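# No sequence on hand, only this structure:
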């Protein structure tokens, strides 16, 4: 394994000094560059994303806040839920910048002179004030369904909202309602590829055992 660059080491140190203790105190577990918390069958994920343009002398990173659910992942992609929840299909994903006061995409910038402790404290504060409150209002599948029904503008849903809602209804135990919504969605949509995708999800759910 190639040695980490100076800026990569600073990012790692900053995460370990600031966000990691905060997240660990709340029960989050670490996997790679992500931390996750299991609550009522869903995973809240805090992912630290480095820029592809990072260099040894200058780098930047941001935070992704995701919500994943094994039942949703398996129905949507037709594959087993991954060991690292950060690699799962997200029901909701949001960059922390959207939640900050100015509402703009935000990347922390690092040079070889950056103090890891100061950076770690700043990132932990942003998580504590803005990132974690966003994640912690979502505690079960019903919360996700309600948020999608409300079309909350602060949500970033990485796919078709009616399709996601139907899958979540299945995962919440409302199998008949879910299948009816999938039927309607497939028949109403004129795009063949999307209709085929909905039909595949429908087949997976019909063949699956209803969730506990």
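Arrived safely. Because the structure is predicted, anything quoted here is derived from the model rather than measured.

# in stretch 149-163, what's buried?
Neighbour-count burial for stretch 149-163, counted by 16 or more other C-beta atoms under 10 Å, picks out 155, 157, 162-163. In short, each C-beta sits where N, CA and C put it, glycine included.

# Return the subset of the residues you listed lying in helices.
Using DSSP state H, 162-163 are the members of the buried residues of stretch 149-163 that sit in helices.

# Can you add pLDDT and distance to residue 3 and give the buried residues of stretch 149-163 back as CSV?
As requested, the buried residues of stretch 149-163 are arranged in CSV below (pLDDT from 0 to 100; distance: C-beta to C-beta, whole Å):
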residue, pLDDT, distance to residue 3
155, 71, 40
157, 85, 39
162, 91, 48
163, 94, 44
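
# and which of the buried residues of stretch 149-163 is nearest to residue 94?
Top of the list for closeness to residue 94, among these and by C-beta to C-beta, is residue 155 at 7.3 Å.

# what residues are up against that closest one?
Residue 155 makes contact with 92, 94, 147-148, according to C-beta atoms under 8 Å, 6 or more residues apart in numbering.

# what does residue 56 give?
5-7, 112.

# now do 6 Å
Listed by C-beta atoms under 6 Å, 6 or more residues apart in numbering, the contact set of residue 56 reads 5-6.

# Is it located within a helix, as I assumed?
No. When DSSP: H, G, I helix; E, B strand; the rest coil is applied, residue 56 is found to be coil, with no helix at that position.

# roughly how far apart are it and residue 124?
Computed with C-beta to C-beta, to the nearest Å, the distance linking residue 56 and residue 124 is 25 Å.

# ok, back up a step: quick check, nearest of the contacts of residue 155 to residue 48?
Checking the contacts of residue 155 against residue 48 by C-beta to C-beta gives residue 94 as the nearest, at 14.2 Å.

# so which strand or helix has that closest one?
strand 90-95 (DSSP states H and E).

# Mind giving me the packing neighbours of that strand?
In terms of contact count using 3 or more C-beta pairs under 6 Å, 6 or more residues apart in numbering; DSSP states H and E, strand 90-95 is assigned the packing partners strand 58-68.

# which residues sit against the strand it packs on?
Strand 58-68 is touched from outside by 7, 11, 43-45, 47-51, 85, 88, 90-96, 107-111, 131, 134-135, 138, with contacts defined as C-beta under 6 Å, 6+ apart.

# With that, I have no additional questions.
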